[in-house]
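Asker: Prediction below, plus the sequence it came from.
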Amino acid sequence: MAAMFHSSDFLLPSSTPADNRRSSTYALVLLNQRLPRFTPLLWKHAQLRLCADGGANRVYDELPSFFPHLDALDVRNSYKPDVIRGDMDSIRTEVLDFYAKKGTKVFDESEDQDTTDLHKCVAYILQSMPSQESNLCIVVAGALGGRFDHEIGNINVLCRFSTTRIILLSDDCLIHLLPKTRAHEIQVHSSVEGPHCGLIPIGMPSGSTTTTGLKWDLTDTEMKFGGLISTSNIVKGEKVTVQSDSDLLWTISLKSTGTAHSST
């Protein structure tokens, strides 16, 4: 079984040598939570940038604070999302008007109340970048924290688009899905992530999970809610491998230093 490769290259400063990176096409989705400190870097790495409804308020209000030496309007003009999409129940009118006049595409999906704003954004990305799908990674900023039902809704999007690489981010950690249909190789960039990590069965118990590269490796281990799940584990080096008979969530802590802002 060919391994699926995972890397957090998008958290590395742009000056990182090319031989330490894998070639990926990044799309960035910004949700209606406080922007992570590395948002300018994520923005720079992304080929497509979307705000999910009230995420546009966050970009408008908070991005200028990342660049206190610059005029706020100049920052807003430099960091203009390509798309705003959602049910439009959170975005402020003045924010919507500002970006619409700057050429941002706006999609009002208020008639669809069965899917979340993140779901709508992921579907748009997959429709807009079909030729990049095999190489595509969708990075979601502000996906963790806030209301618990929103967090679970975001995790549900990982499961609904299980063949697409989607990474949920906060200031403190990242989460992505490891589908049971593949073996997995995770590159760990110790300058920006780790050492704490976890593996959590999602959707069904795991009858057998095996890992390498962790302080407490699993060997044909059963995991389930109400029993054992691998939390507060530790990565030992630069590579972790995982194979399981169920879908797992991989999570790893993010370090408070080591991620530089990009300039406008």
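Answerer: Thanks, I have it.
Asker: and the next element down the chain from the helix or strand harbouring L50?
Answerer: Here L50, judged by DSSP states H and E, is contained in strand 48-52. For strand 48-52, the succeeding helix or strand toward the C-terminus, using DSSP H and E, is helix 55-62.
Asker: contacting residues around whichever helix or strand comes after that following helix?
Answerer: Tracing the chain C-terminally past helix 55-62 and defining elements by DSSP H and E, one meets helix 72-78 next. Contacts with helix 72-78, where a contact means CB atoms under 8 Å, 6 or more residues apart in numbering, come from V59, Y60, L63, P64, F66, F67, F98, K102, T264. Every residue, glycine included, has its C-beta placed from N, CA and C.
Asker: Just the CA trace of stretch 239-255, in PDB.
Answerer: Provided in PDB are the C-alpha atoms of stretch 239-255 (Å, rounded to 0.1, in the frame of the first residue of the first chain):
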ATOM      1  CA  LYS A 239       9.000  11.200  10.600                       C
ATOM      2  CA  VAL A 240       6.000   9.400  12.000                       C
ATOM      3  CA  THR A 241       4.300   6.500  10.200                       C
ATOM      4  CA  VAL A 242       0.700   5.400  10.800                       C
ATOM      5  CA  GLN A 243      -1.400   2.500   9.600                       C
ATOM      6  CA  SER A 244      -4.900   1.700  10.900                       C
ATOM      7  CA  ASP A 245      -8.100  -0.100  10.000                       C
ATOM      8  CA  SER A 246     -10.200   3.000  10.900                       C
ATOM      9  CA  ASP A 247     -10.000   6.600  10.000                       C
ATOM     10  CA  LEU A 248      -7.900   8.600  12.600                       C
ATOM     11  CA  LEU A 249      -7.500  12.200  13.400                       C
ATOM     12  CA  TRP A 250      -3.800  13.300  13.700                       C
ATOM     13  CA  THR A 251      -3.100  16.300  15.900                       C
ATOM     14  CA  ILE A 252       0.200  17.900  16.800                       C
ATOM     15  CA  SER A 253       1.000  21.000  18.900                       C
ATOM     16  CA  LEU A 254       2.300  24.100  17.300                       C
ATOM     17  CA  LYS A 255       5.200  26.000  18.900                       C
END
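Asker: chain center to that stretch, what's the gap?
Answerer: Chain-centre distance of stretch 239-255: 14 Å, with CA atoms, centre = their mean, to the nearest Å.
Asker: what do you get for stretch 6-17?
Answerer: What separates the centre of stretch 6-17 from the centre of its chain is 14 Å, taken as CA atoms, centre = their mean.
Asker: how about low-confidence regions in the stretch 151-264 of the chain?
Answerer: 257-264 (pLDDT under 70).
Asker: ok, which stretches of it are strands?
Answerer: Ranges of strands within the stretch 151-264 of the chain are 165-169, 173-178, 183-187, 193-201, 206-212, 221-223, 230-234, 239-244, 248-254, based on DSSP state E, counting those that start in this stretch.
Asker: Go through the ones you listed and pick out the most buried.
Answerer: Of the strands of the stretch 151-264 of the chain, the one with the most neighbours on average (mean count of other CB atoms under 10 Å) is strand 165-169, at a mean of 24.
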